[in-house]
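# I'll drop the sequence and a predicted model, then ask my questions.
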Amino acid sequence: MKLQVTHRTRYAYGAPVRDSFNEVRLQPADTTRQRRLAFRLSVQPTTRLSSRLDFYLNTVHTFEVPAPHAELVVEAHSEVETSDTPALDATATPRPLAALGDCARFADCYDFIQPSTFVDVGGDLTALVREIVGAQTDAWQAALAIMHFINKEFRYQPAVTTAHTHMREALRLRCGVCQDFAHVMIGLCRTIGLPARYVSGYLYNGPADELKGAQASHAWVEVFLPGPGWLGLDPTNDQIVAGRHIHIATGRDYADVSPVKGTYRGTTQRQLHVDVLVALLDP
């Protein structure tokens, strides 16, 4: 599936600001299930862009605007080709939970079984996740059970949580948006020793409107199984990730993959406007 994304972020300030320093994670990743065809990033006021790879190998663009400015606009245009086939079937049982202990020794996994900024591990979460998983002994089936639980028990409700809501608060509220669903699932997976990481990206909704989180930045979870590797699960929509999901960046949680973040000198009065359009290029 070939998809096109336009992501426009606009900050309007109550008075001119200066010395703005920013980093952007908006470039689609090249993965075994996704190929980046094109990417273009523009900033107004016009300035020089630099790029680097962060610790988790996400592409980060950085820029600064030292002169006074009343608004900042960051616009990204992307084209990708994705695989329509899920990486693993829902009925597969590739790896027992008991075999996951070795994951702690893998450099690619260690960070993703630890607590992080918005995610707790262990404690009273242990009883909850054991209740969810029950007698299940397979790691993939346990991850699916956690995903099903969150989708069934949590209500998708924008404007209740913020970008800085901790998974504990989302768990208490039993509602939120894709970021909250992903954080809760990550915490529960890590509690049983299943490496889990946060994925930022987009979701193509198609002509229907049955998928939550489309036409905006989206988030889901990847769990690691020795052998198959990282496998995507979307608790917001209760589905295995496939061709409609566009992968941008991965991290321990949202704190590692914020699409646009930065600092500036000046007024605290500002308005943020974000517009996302995901379109099909080739059926």
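Received the coordinates, thanks.

# what about the helices in this structure?
For the chain, the helices defined by DSSP state H cover 125-133, 139-153, 167-173, 178-191.

# Can you say which of these is nearest to residue 50?
Among the helices of the chain, helix 178-191 comes nearest to residue 50, with 27.4 Å by C-beta to C-beta. From N, CA and C alone the C-beta is placed, and that goes for glycine too.

# Compute the inter-axis angle for that closest one and helix 125-133.
Orientation of helix 178-191 against helix 125-133 (axes from the mean of the first three to the mean of the last three C-alpha atoms, to 10 degrees) gives an angle of 100 degrees.

# ok, residue 115 - how many residues close by?
15 (other C-beta atoms under 10 Å).

# isn't it right next to residue 121, touching?
Yes - under the criterion of C-beta atoms under 8 Å, residue 115 makes contact with residue 121 at 4.8 Å.

# just to revisit the earlier point, so which of the helices of the chain is the most packed in?
helix 178-191 (a mean of 28; mean count of other C-beta atoms under 10 Å).

# For residue 233, give its distance to residue 192.
According to C-beta to C-beta, to the nearest Å, residue 233 and residue 192 sit 14 Å apart.

# And residue 129, by the same measure?
When distance is defined by C-beta to C-beta, residue 129 is 6 Å away from residue 192.

# Any idea which residue is closest to the centre of this protein?
Per C-alpha atoms, centre = their mean, the C-alpha nearest to the average position across the chain is that of residue 200, at 2.4 Å.

# Could you check the pLDDT of the closest residue in space to that residue that isn't next to it in sequence?
The shortest distance from residue 200 to any residue other than its chain neighbours is 4.3 Å, reached at residue 257 (C-beta to C-beta, 6 or more residues apart in numbering). Residue 257 carries a pLDDT score of 98 in this model.
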